[in-house]
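>>> Could you look at this predicted model? Sequence included:
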Amino acid sequence: MMRLPASIRGRFLLTSALTVGLALALTAVLLVSLFSSNIRERIELELTGQIGTIAGTIAFDGDGELSRPRGALDRRFSEPYGGYYWQIMDDARRKVLRSTSLWDVALDLPDDGQTNGEIHHYTLPGPEGSTLIVQERMITVAAPDGPRRLRIAVAVDEKTLADARSRFIRDILPALAGLAIFLIGASIAQLAFGLKALDSLSQGIDRIRERRDTQLSGSYPTEFESTVKAVNQLLDTQELMIAKAKSRAADLAHGLRTPLTVLSNDALTLREKGETEMADELDHLAAVMRNHVERELALARLTARPDLRRADTDIARVLQELIRTLKRTPSGEELAFTVEGRDGETVPVDPSDFRELTGNLLENAVKWAKSEIAITWQRSKGQTVLTISDDGPGVPEAALAKLTQRGWRLDNAAEGSGLGLSIVREIVELYGISMALRNGNPETGRSGLVVELAFPDASSGTASK
């Protein structure tokens, strides 16, 4: 079974080629049939005329014997086996006269009860295995011994018709081929013109996907008006649902923070009363719930899919904002931040998601760095590579793979919930970002943790969680 092309253009062109080819093939058959019928009709008329000419030259000698026709007969009757033949049968005298072209062959005319003046048509075998188109007519002529009936037959080789048909086919094939090229070309032009509107619709959807537009705008054919309206309504509904979901997540987090605060105060009250075991249990439960709320709130802020991002992120601008914020913290004000990368470089990540991603990594670096944090980015092999490194103590090799596990912490004595790097893992999986964790080189003075993020180009597509 033939497999159809995947694209509309491919299917249209295949259909056009097949229909044009079939139509021209049927046209060729019809034209050849009409031509053959016309040529055969002309041959029949010519044979009728030849019979009349021969009948006009019939004469008898003194003994009443039929004489060979004389006069202006077609010269083709004189060429042996030349393809044109005549024969006269005088049944009364049992005599047969033949054209020179028949040579020593006689036409085996059937006796099918001819009447005077009636023309009969036959297809009979001829000289040298040929097939003849034969026309016979019985006439009555005046002979010396009274009226006599003669059967006059004229024949032409059927090859004459076949040759004419072959020449006609050879003549029309180039014309039909040229017509096929023209019709297919016209179909291609029609397809290009007709699908322009579809291309503009596709470009509009691409603009929405790339967050350069929020609605399908512009002029579209009336056939697409309902589609454009439905897509725009769907986009509005989607935007509203996302906004409501984020708002509800924020409301839920806000609603839970107050009870958690009360729970922590109750734990403090119990501790003051000496109920340290119960106080510790309440503190633990409050911390677990607070961590869970913070994690879910952070995940709720993430874009649902990479193609739903509001815009691409300017790396330098977001990182500078984060660095200014971190420098105001007690740990960050003592550190030096070195930044190296080209201004204006962007990555296909929503700005808020990029801020969440790099913010967690920088907060982790600030927590462990001794004096310096280095941030670099550059284009490499069709992707943008961002590196964040610190000069802290680093991470044991066996623990590197556990860093992005939710709730796992390298040092339980350090502040934090251990959720930051697990959120980082969620974001890199959402956007298909390649992340590598390793320790630095002590010889360079940066033996701390090195995080390398490779962002794919927007054109190469992103993974979706």
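Noted; the coordinates are in hand. Numbering: from 1, shown residues only.
>>> how does the chain divide into domains?
Per automatic domain parsing, the domain ranges recorded for the chain read 55-160, 215-301, 311-460.
>>> Just send these back as a markdown table, with mean pLDDT and distance to Leu18 too.
C-beta coordinates here come from the backbone N, C-alpha and C atoms, glycine included. Below are those laid out as a markdown table (pLDDT from 0 to 100; distance: least, Cβ to Cβ, whole Å):
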| stretch | mean pLDDT | distance to Leu18 |
| --- | --- | --- |
| domain 55-160 | 87 | 35 |
| domain 215-301 | 74 | 25 |
| domain 311-460 | 82 | 35 |
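>>> how about the helices of the stretch 251-400 of the chain, start to end?
Here the stretch 251-400 of the chain has its helices, by DSSP state H, counting those that start in this stretch, at 276-300, 315-326, 351-368.
>>> the inter-axis angle of the last one versus helix 315-326?
Inter-element angle recorded for helix 351-368 and helix 315-326: 50 degrees (by axes from the mean of the first three to the mean of the last three Cα atoms, to 10 degrees).
>>> CA atoms only for helix 351-368 - export them in CSV, please.
Taking Å, rounded to 0.1, in the frame of the first residue of the first chain, the C-alpha atoms of helix 351-368 are listed here in CSV:
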residue,chain,number,x,y,z
PRO,A,351,12.8,35.0,33.2
SER,A,352,11.2,34.0,36.5
ASP,A,353,12.2,30.3,36.1
PHE,A,354,15.8,31.4,35.2
ARG,A,355,15.8,33.6,38.3
GLU,A,356,14.6,30.7,40.5
LEU,A,357,17.2,28.4,38.9
THR,A,358,20.3,30.6,39.2
GLY,A,359,19.1,32.2,42.5
ASN,A,360,19.1,28.8,44.2
LEU,A,361,22.6,28.0,42.8
LEU,A,362,24.0,31.3,43.8
GLU,A,363,22.5,31.1,47.3
ASN,A,364,24.1,27.7,47.7
ALA,A,365,27.4,29.1,46.5
VAL,A,366,27.2,32.1,48.9
LYS,A,367,26.5,29.6,51.8
TRP,A,368,29.8,27.7,51.1
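>>> picking that back up, what's the closest of the domains of the chain to Ala23?
Among the domains of the chain, domain 215-301 comes nearest to Ala23, with 26.7 Å by Cβ to Cβ.
>>> Ile208 - how many residues pack around it?
The number of residues packed near Ile208 is 19, by other Cβ atoms under 10 Å.
>>> Same question for Asn439.
As a burial measure, Asn439 scores 18 neighbours (other Cβ under 10 Å).
>>> what sits against it?
394-395, 397, 400, 447-450 (Cβ atoms under 8 Å, 6 or more residues apart in numbering).
>>> Format those as CSV; extra columns: distance to Trp86 and neighbour count.
Formatted as CSV, the contacts of Asn439 follow (distance: Cβ to Cβ, whole Å; neighbours: other Cβ atoms under 10 Å):
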residue, distance to Trp86, neighbour count
Gly394, 116, 20
Val395, 114, 19
Glu397, 112, 9
Leu400, 109, 16
Ser447, 117, 18
Gly448, 116, 22
Leu449, 112, 25
Val450, 109, 20
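>>> Need those in a markdown table (columns: distance to Thr57).
Listed next are the contacts of Asn439 as a markdown table, based on distance: Cβ to Cβ, whole Å:
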| residue | distance to Thr57 |
| --- | --- |
| Gly394 | 124 |
| Val395 | 122 |
| Glu397 | 120 |
| Leu400 | 118 |
| Ser447 | 125 |
| Gly448 | 124 |
| Leu449 | 120 |
| Val450 | 116 |
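>>> nearest to Val347, of those?
Val450 (18.9 Å).
>>> so is that closest one in a helix, a strand, or just coil?
Here Val450 is recorded as strand under DSSP: H, G, I helix; E, B strand; the rest coil.
>>> Next: Leu97.
Relying on three-state DSSP, one would call Leu97 strand.
>>> tell me which element the residue nearest to it when sequence neighbours are not counted falls in.
Nearest non-adjacent residue to Leu97, counting by Cβ to Cβ, 6 or more residues apart in numbering: Ile88, 4.4 Å away. Taking DSSP states H and E as the definition, Ile88 sits inside strand 84-90.
>>> Within the sheet, what are the partner strands of that strand, with directions?
strand 95-98 (antiparallel), strand 146-157 (antiparallel) (DSSP bridges).
>>> mind listing what's buried in whatever helix or strand comes next after the shortest one?
Going down the chain from strand 95-98, the next helix or strand is strand 119-125, by DSSP H and E. Residues of strand 119-125 classed as buried under the neighbour-count rule (16 or more other Cβ atoms under 10 Å) are 120, 122, 124.
>>> So for the second one, what's the nearest residue that isn't a sequence neighbour?
This means Tyr122. Val134 (4.1 Å).
>>> is that neighbour in a bridge, and if so with what?
Bridge pairing for Val134 - DSSP bridges - gives Tyr122, Ala155.
>>> Nice, that's everything, thank you.
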